[in-house]
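Asks: Just the structure for this:
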Amino acid sequence: MFVAPRHQRKNLVTAEEYERVRALYIETIKGDSNIARQPEVRQKLSQNHADVSGKRNPMYGSHRVGSSNPNYGKGQKVRGALNGRAIPVVCLETEQQFGCIKDAAEWLRIQGVSCNLTSLRRCSVDGQRSVGGYH
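Replies: Coordinates of the predicted model:
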């Protein structure tokens with residue numbers, strides 16, 4: 001089995017381009033050139049800002065703990081291949097693709113091969129070439 005490597009980051013911007021953009025950004029937020037620091041703008045923002053302190057805050061008195069939390073019980077959506085950290089696996093012999101190591105281990109168990117997640121993980125980390133006779 002072959003475990004595909006994680007996504008490799010490619011630097012699309014050179015160090016010189018990054019420094020040039022960084023210097024330009026610093027110049028735009030310095031002193032009077034930063035529009036958010038101008039007194040007229042700050043006065044206008046403070047006049048139009050809604051007062052949401054204390055009981056006027058929409059979250060005042062709301063305790064989102066346990067089953068009252070709107071996200072309670074929704075943690076099962078990121079299992080398997082949907083997980084962002086899942087490592088895709090390709091069987092080199094059958095050319096079958098799996099979304100994650102767990103799916104590949106389950107397929108191997110169905111084929112009658114005794115296998116665990118650690119042995120599949122070793123294919124990518126330690127350079128092991130096969131698991132249960134599959135490459």
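Asks: Run a quick neighbour tally on the residue nearest to Ile35 when sequence neighbours are not counted.
Replies: Among residues not flanking Ile35 along the chain, Val41 sits closest, at 5.9 Å (Cβ to Cβ, 6 or more residues apart in numbering). Using the backbone N, CA and C atoms, a C-beta is placed for each residue, glycine as well. By other Cβ atoms under 10 Å, 12 other residues sit near Val41.
Asks: Val41 contacts Gln47, correct?
Replies: No: if you go by Cβ atoms under 8 Å, Val41 and Gln47 don't touch, sitting 11.0 Å apart.
Asks: sorry, back to before: give me the next element, helix or strand, following the helix or strand containing the residue nearest to Ile35.
Replies: For Val41, the enclosing helix or strand under DSSP states H and E is helix 39-48. Next along the chain after helix 39-48, taking DSSP H and E as the criterion, comes strand 89-90.
Asks: what about the residue nearest to Gly84 when sequence neighbours are not counted, how many residues close to it?
Replies: Nearest residue to Gly84, sequence neighbours excluded (Cβ to Cβ, 6+ apart): Val78, at 7.4 Å. For Val78, the neighbour count with other Cβ under 10 Å is 12.
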